[in-house]
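[1] Need a 3D model of the following:
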Amino acid sequence: MFFGSHVSIRNGYLQAAKTALDLGANAFQYFPKNPRSIGVKNFDLEDAKDCATFCSEHNIASVAHSPYPTKLIPDNKDLEQQIIYSLQNDLEIVEACGSIGVVVHFGTTTKTDPLEGYKKMIDVLNQVLTNWSGTAKILLENNAGAGSDMGITLEEMVQVRSLTDFPDQIGFCFDTCHAFASGIWTGENWSLLEKKAIELNYFNELKAVHFNNSKYSTGQRKDRHANLIDGHITPSQLQEVLSTSSLSEIPFILETPKDESTNHREEIMLMKTWTHQ
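    Residues are numbered from 1 along each chain as shown. You can find the predicted model right below:
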């Protein structure tokens, strides 16, 4: 199985991959550029290619995460164009690094009717992908439900993908904390959620799992990640997700806090231990 964490690209894409390997990981996630900017980055193509080569040689899987300001339902035309150019830039970087795709939070809006929001989101995805011919995908991530009901359910993910002009260029990223926070996963109903995912063919297009615990109990709609053994999701509930046969080839990526008492190296080792229990 593929286990890893989010790592910095401060010293380049190749070094990010080397950092992941040093942590004992065979997967990692990174921001393709400044996480607080949706500007277009003139990236080091050779460094990106070296990253791809290194990952291929060491059997490391990777995904990128779009910058924080990325919104698939932009509030105005100017922002819409910036986001389209930014996501196209992200895809170019991800492709050069040999990564699976770029994770993007499912769109939300409080300024328009939800149906119009879905239509705008589909339109933005179509504009991003209209001239894209690479293998890297847009990976839609489920929301925690803070401030909006949009982007919580697996049905929404599948439906939006199917309604775009380029469904083959779109996949999914499942965040355990977000699912727990939104209430679609209570910790006790994984078998039912798994059954639904199989029926919807959601798992067929799932390309990454964000493996996070939650600082708050289920249904609170609060997106606050916790370390694997510190949150409201029990170890046995997390192990149930890890042992799901449909996810055996999907990269599990930690987005958990790092401090003096916890680090990703230990959590990666813990995931490996859990899979052998």
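
[2] alpha carbons only for contacts and neighbour counts from here, please
    Fine.

[3] all helices of the stretch 51-200 of the chain, in order?
    Secondary structure of the stretch 51-200 of the chain (DSSP state H, counting those that start in this stretch): helices at 77-96, 114-129, 154-163, 176-182, 190-199.

[4] Would you confirm that V209 contacts I253?
    Yes: counting by C-alpha atoms under 8 Å, I253 is a contact partner of V209 at 6.0 Å.

[5] who's more crowded, those two?
    Taking neighbours as other C-alpha atoms under 10 Å, V209 and I253 compare with I253 leading, 24 against 21.

[6] Now the more buried one: which helix or strand?
    strand 252-254 (DSSP states H and E).

[7] after that strand comes which helix or strand?
    Once strand 252-254 ends, the next helix or strand along the chain (criterion: DSSP H and E) is helix 264-275.

[8] Give the residue spans of the protein that score low on pLDDT.
    Scanning the chain for pLDDT under 70 picks out 259-262, 277.

[9] Could you rerun that using 90?
    109-114, 147, 257-263, 276-277 (pLDDT under 90).

[10] deepest of the helices of the stretch 51-200 of the chain, which one?
    For the helices of the stretch 51-200 of the chain, the largest average neighbour count (mean count of other C-alpha atoms under 10 Å) is found in helix 176-182, namely a mean of 27.

[11] Contacts for it, please.
    With contact meaning C-alpha atoms under 8 Å, 6 or more residues apart in numbering, helix 176-182 is reached by 142-145, 152, 185-187, 209-214, 216-225, 233.

[12] Kindly supply the ChimeraX command isolating those of these that are buried.
    Listed next is the ChimeraX selection for buried residues among the contacts of helix 176-182, using 16 or more other C-alpha atoms under 10 Å:
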select :142,143,144,145,152,185,186,187,209,210,211,212,213,214,216,217,218,219,221,222,223,224,225,233
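
[13] hang on, the earlier thing: could you dump the helices of the stretch 51-200 of the chain into TSV with distance to V63 added?
    Formatted as TSV, those follow (distance: least, C-alpha to C-alpha, whole Å):
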stretch	distance to V63
helix 77-96	7
helix 114-129	18
helix 154-163	18
helix 176-182	17
helix 190-199	21
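
[14] do you know which of those helices lies nearest I229?
    Of all the helices of the stretch 51-200 of the chain, helix 176-182 sits nearest to I229, with 13.0 Å by C-alpha to C-alpha.

[15] and the closest one, C-alpha only, in CSV?
    What follows is helix 176-182, C-alpha atoms only, in CSV (Å, rounded to 0.1, in the frame of the first residue of the first chain):
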residue,chain,number,x,y,z
THR,A,176,-11.7,11.0,6.3
CYS,A,177,-11.9,14.0,8.6
HIS,A,178,-14.2,15.9,6.2
ALA,A,179,-16.5,12.8,5.9
PHE,A,180,-16.6,12.5,9.7
ALA,A,181,-17.2,16.2,10.2
SER,A,182,-20.0,16.3,7.7
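
[16] Could you give the separation of it from the chain centroid?
    13 Å (C-alpha atoms, centre = their mean, to the nearest Å).

[17] got it, and stretch 169-176?
    Worked out by C-alpha atoms, centre = their mean, stretch 169-176 lies 6 Å from the chain centre.

[18] Quick check: Y30 vs A16, distance?
    8 Å (C-alpha to C-alpha, to the nearest Å).

[19] Which strands and helices lie in contact with the strand holding I253?
    Where contact means 3 or more C-alpha pairs under 8 Å, 6 or more residues apart in numbering; DSSP states H and E, strand 252-254 is packed against strand 3-6, strand 27-30, strand 206-210.

[20] 7 Å instead, please
    Judged by 3 or more C-alpha pairs under 7 Å, 6 or more residues apart in numbering; DSSP states H and E, strand 252-254 is in contact with strand 3-6, strand 206-210.

[21] Sheet partners, orientation included, of that strand?
    Under the criterion DSSP bridges, strand 252-254 sits next to strand 3-6 (parallel), strand 206-210 (parallel) in its sheet.

[22] contacting residues around the shortest one?
    By C-alpha atoms under 7 Å, 6 or more residues apart in numbering, the residues outside strand 3-6 that reach it are 20, 25-30, 251-255, 264, 268.

[23] Switch the residues you listed over to a markdown table; also include distance to D44.
    Below are the contacts of strand 3-6 laid out as a markdown table (distance: C-alpha to C-alpha, whole Å):
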| residue | distance to D44 |
| --- | --- |
| A20 | 20 |
| A25 | 24 |
| N26 | 23 |
| A27 | 21 |
| F28 | 19 |
| Q29 | 18 |
| Y30 | 15 |
| P251 | 25 |
| F252 | 27 |
| I253 | 25 |
| L254 | 26 |
| E255 | 26 |
| H264 | 27 |
| I268 | 29 |
